[in-house]
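# Build the 3D model from these lines:
(one chain, ligands or ions: 1)
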Amino acid sequence: MPDVVVIGGGVVGLTIAYELAQSGAQVSVLDRTEFGREASWAGAGMIPPGASAHAPQSLQSLSIAARARWPQLSAELRELTGVDNEFAECGSLLFPARENWDEEIAEWSGVPHTVITDDPVTLKELAPTLSPKHGTALHLPTAAQVRNPPHLRALTAACEKLGVTILPNREATGFRQAGSQVTEVETSDGNVAADCFVVAAGAWSTDLLKSTGVELDVEPVRGQIRMFKCEQQPFIPLLEVGPRYLVPRADGRVLAGSTEEWVGFEKHTTPKGMEELHKFAIDLVPCLAEATVELTWSGLRPYSRRGFPHVGRAPNLENLLIATGHFRAGLSLSPATALEVRRMVLEPETGPTYPDLLPESNSPSNH
Ligand SMILES: Cc1cc2nc3c(=O)[nH]c(=O)nc-3n(C[C@H](O)[C@H](O)[C@H](O)COP(=O)(O)OP(=O)(O)OC[C@H]3O[C@@H](n4cnc5c(N)ncnc54)[C@H](O)[C@@H]3O)c2cc1C
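Purely as a prediction, here's the structure:
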C-alpha cells in the first residue's frame with residue numbers, strides 16, 4: 001500500500017483521504033488552516049440528480065456516480081462517527097431563468113423530471129410558501145441536499161478513526177522532484193516524503209502547482225450566502241432560478257445564494273450582494289420577509305476556465321494527482337471524485353474512468 005499525502009483539507013481532499021484510508025493506504029492530509037473552513041464550509045450543500053445534458057460526457061458520468069454514492073457514504077460516516085450530515089432527498093423545483101425555457105428543460109432530459117406548466121396549485125402542494133406568481137417549474141424529485149459543516153466534521157472524524165494523519169495549519173509551499181517523480185512536499189513546518197501526492201487545494205491549487213511547471217486554469221470565484229432563520233421549515237424542495245437558489249434546512253434555516261464574482265481572493269460579503277439575495281429570497285418565498293437574518297458569509301469556489309474539473313495525473317509527473325476546479329459542484333461531486341483518485345493511486349496501470357477530466361494537457365476536449 002502506498003504512502004499518500006493529500007494537500008488540502010476541504011471536502012475533496014478529505015473524501016479522497018477517507019476512501020484511500022478505507023482501502024488500507026497510509027494517508028496524511030495537510031491544510032494551511034483548520035480543515036474544511038474554505039469553499040467546502042461556505043457551500044449550500046445542494047446535490048443535483050446529475051449534470052446538464054450539455055456537459056462533457058465524463059462530467060455527466062461523474063455526477064451520476066456521485067449522486068448514487070451519497071446515501072451510502074452518508075450512512076458509512078454516520079455509523080463510523082455518530083455524526084449525521086443530514087443528507088436528504090428533498091427534490092428541487094427549477095423555475096424559468098432564461099428566455100428559452102424548453103432549452104432549460106432539455107438540460108435535464110437524462111434524469112427523472114416532471115414539467116409543471118401554469119399550475120400554481122401543484123406547485124403550492126410541493127412548496128406551500130412559494131409566491132403564487134409562480135406556476136411553471138421543472139420538478140427534479142431525486143435532487144438532494146447535505147449540510148456542509150456536519151458533513152465536514154463527519155469526514156474529519158472518520159479519517160481520524162481510520163488512522164489518517166491530520167495536519168492542520170501546515171501550508172504546502174512547493175515540491176521536490178527527481179525526474180518525473182515528486183519526492184517530497186515542502187511545507188511551512190518541514191518537508192513530507194511520500195509515494196504519491198494529491199493536490200486538492202481548491203482555488204489555491206494553481207499557485208501551489210506553479211513550482212512543478214503544471215499550469216492550471218483554476219481561479220477563485222466568490223459566492224455570497226444569506227441565511228434566514230424561520231420558526232419551522234417553510235418548504236421542502238430546493239428552489240432554483242438559474243444561479244440563484246433557496247435551500248431549506250430541517251431546523252427552519254433557509255440559505256439564499258448565491259453570487260458569482262471574479263474578485264480574486266477577496267473573501268467578504270458586500271451590501272450589494274446581500275441586498276440582491278434578500279430581494280431574490282422574498283420574491284420567491286414572501287414569508288422570508290418576516291424571518292430573522294441569522295448569518296451571512298462568502299466563500300471562494302475553485303473555478304476552472306475550461307468549464308469542468310481536473311481529476312487525474314499531472315502531466316509529466318507520474319505520482320502527482322490533481323483533484324480540483326469543481327466550481328459550483330465540488331461538494332456534490334466529491335464522492336465520485338474521491339473514488340476515481342483512489343483508483344488512480346491504487347491501480348495506476350488502469351486508464352481513467354473520466355478521460356475528459358484529466359488535467360489540461362492530457363484532456364481530449366482541449367485538442
Ligand atoms: C457560496 C457557495 C455555495 C456553494 N454551493 C454548492 C452546492 O450547493 N453544491 C456543491 O456541490 N457545491 C457548492 N459550492 C462549491 C463547493 O463548495 C466547492 O466546489 C467545493 O467546496 C470545493 O472543495 P475543495 O475541497 O476543492 O476546496 P476548498 O473547500 O476550498 O478546500 C481547499 C483546501 O485547501 C487548503 N489549501 C489551499 N492551499 C493550500 C496549501 N498551499 N497548503 C495546504 N492547504 C492548502 C485550503 O485551506 C482549503 O481548506 C458552493 C460554493 C460556494 C462558495
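# CA atoms for contacts and neighbours, from now on please.
Fine.
# Can you show me the helices along the protein?
For the chain, the helices defined by DSSP state H occupy 11-22, 39-42, 57-81, 101-106, 120-126, 148-161, 205-209, 271-284, 330-346.
# what's the average pLDDT for the fifth one?
When the per-residue pLDDT values of helix 120-126 are averaged, the result is 94.
# Which parts of that helix count as buried, going by neighbours?
For helix 120-126, the neighbour count (16 or more other CA atoms under 10 Å) marks Pro120, Leu123, Lys124, Leu126 as buried.
# residues contacting the last one?
I take that to be Leu126. Going by CA atoms under 8 Å, 6 or more residues apart in numbering, Leu126 touches Phe235, Ile236, Pro237.
# Can you pull the domain assignment for the protein?
Following automatic domain parsing, the chain resolves into domains at 3-84+148-217+305-366, 92-141+220-304.
# which of the ones you listed sits most buried?
Mean neighbour counts were taken over the domains of the chain using mean count of other CA atoms under 10 Å, and the top value, a mean of 20, falls to domain 3-84+148-217+305-366.
# how far does that domain sit from the chain's center?
Domain 3-84+148-217+305-366 sits 11 Å away from the centroid of its parent chain (CA atoms, centre = their mean, to the nearest Å).
# so what's Glu184 bridging to?
Counting by DSSP bridges, Glu184 is bridged to Arg176, Ala193.
# Would you mind listing what in the stretch 101-250 of the chain touches the ligand?
The stretch 101-250 of the chain comes close to the ligand at residues 171-173, 200-204, 208, 222-225, as judged by CA under 6 Å from any ligand atom.
# now the residues you listed in a markdown table, with distance to Arg147 and pLDDT?
What follows is these, written out as a markdown table (distance: CA to CA, whole Å; pLDDT from 0 to 100):
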| residue | distance to Arg147 | pLDDT |
| --- | --- | --- |
| Glu171 | 27 | 98 |
| Ala172 | 28 | 98 |
| Thr173 | 31 | 97 |
| Ala200 | 21 | 98 |
| Ala201 | 21 | 98 |
| Gly202 | 19 | 98 |
| Ala203 | 21 | 98 |
| Trp204 | 24 | 98 |
| Leu208 | 29 | 97 |
| Arg222 | 20 | 98 |
| Gly223 | 17 | 98 |
| Gln224 | 17 | 98 |
| Ile225 | 14 | 98 |
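# Name the nearest residue to Pro71, ignoring sequence neighbours.
Leaving aside its sequence neighbours, Pro71 sits nearest to Phe87 (CA to CA, 6 or more residues apart in numbering; 7.2 Å).
# same question but for Gly330, I mixed them up
Nearest to Gly330 is Val12, by CA to CA, 6+ apart, at 7.0 Å.
# Could you do Val115 as well?
Leu138 (4.6 Å).
# Sketch out the low-pLDDT regions of the stretch 201-350 of the chain for me.
Within the stretch 201-350 of the chain, not a single segment meets pLDDT under 70.
# what about 90?
Along the stretch 201-350 of the chain, segments meeting pLDDT under 90 span 211, 315-316, 348.
# What are the boundaries of the strands in it?
Along the stretch 201-350 of the chain, the stretches classed as strands by DSSP state E, counting those that start in this stretch are 218-229, 238-241, 244-248, 253-257, 292-304, 310-313, 320-324.
# Save the ones you listed as JSON lines, and put in distance to Leu77 too.
Converted to JSON lines, these look like this (distance: least, CA to CA, whole Å):
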{"stretch": "strand 218-229", "distance to Leu77": "26"}
{"stretch": "strand 238-241", "distance to Leu77": "24"}
{"stretch": "strand 244-248", "distance to Leu77": "23"}
{"stretch": "strand 253-257", "distance to Leu77": "23"}
{"stretch": "strand 292-304", "distance to Leu77": "25"}
{"stretch": "strand 310-313", "distance to Leu77": "24"}
{"stretch": "strand 320-324", "distance to Leu77": "22"}
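# how close does Ser109 sit to the ligand?
Between Ser109 and the ligand the computed distance is 20 Å (CA to the nearest ligand atom, to the nearest Å).
# Tell me who's in contact with that residue.
Ser109 sits next to Ala53 when contact means CA under 8 Å, 6+ apart.
# same question, the one 5 residues further on
Thr114 makes contact with Leu138, His139, Leu140, according to CA under 8 Å, 6+ apart.
# Would you mind giving me the confidence score for the residue nearest to Arg153 when sequence neighbours are not counted?
Of all residues not flanking Arg153 in the chain, Val83 sits nearest, at 7.5 Å (CA to CA, 6+ apart). What the model reports for Val83 is a pLDDT of 98.
# quick one: Val83 and Leu152 touch, right?
No. Contact criterion CA atoms under 8 Å: Val83 and Leu152 do not qualify, at 9.7 Å.
# The residue nearest to Gly330 contacts Ala338, doesn't it?
Yes. Between Val12 and Ala338 a contact is recorded at 6.9 Å, counting by CA under 8 Å.
# and the gap between the closest residue to Ala39 other than its chain neighbours and Gln72?
Leaving aside its chain neighbours, Ala39 sits nearest to Gly299 (4.9 Å; criterion: CA to CA, 6+ apart). Note on Gly299: its distance to Gln72, by CA to CA, to the nearest Å, is 28 Å.
# Kindly report the same for Glu294.
Following CA to CA, the distance that separates Glu294 from Gln72 is 32 Å.
# for Arg244, same thing?
Arg244 is 29 Å from Gln72, by CA to CA.
# and what of Asp195?
30 Å.
# now do Pro335
10 Å.
# To Gly45, which of the strands of the stretch 201-350 of the chain lies closest?
strand 244-248 (8.2 Å; CA to CA).
# No more questions from me, cheers.
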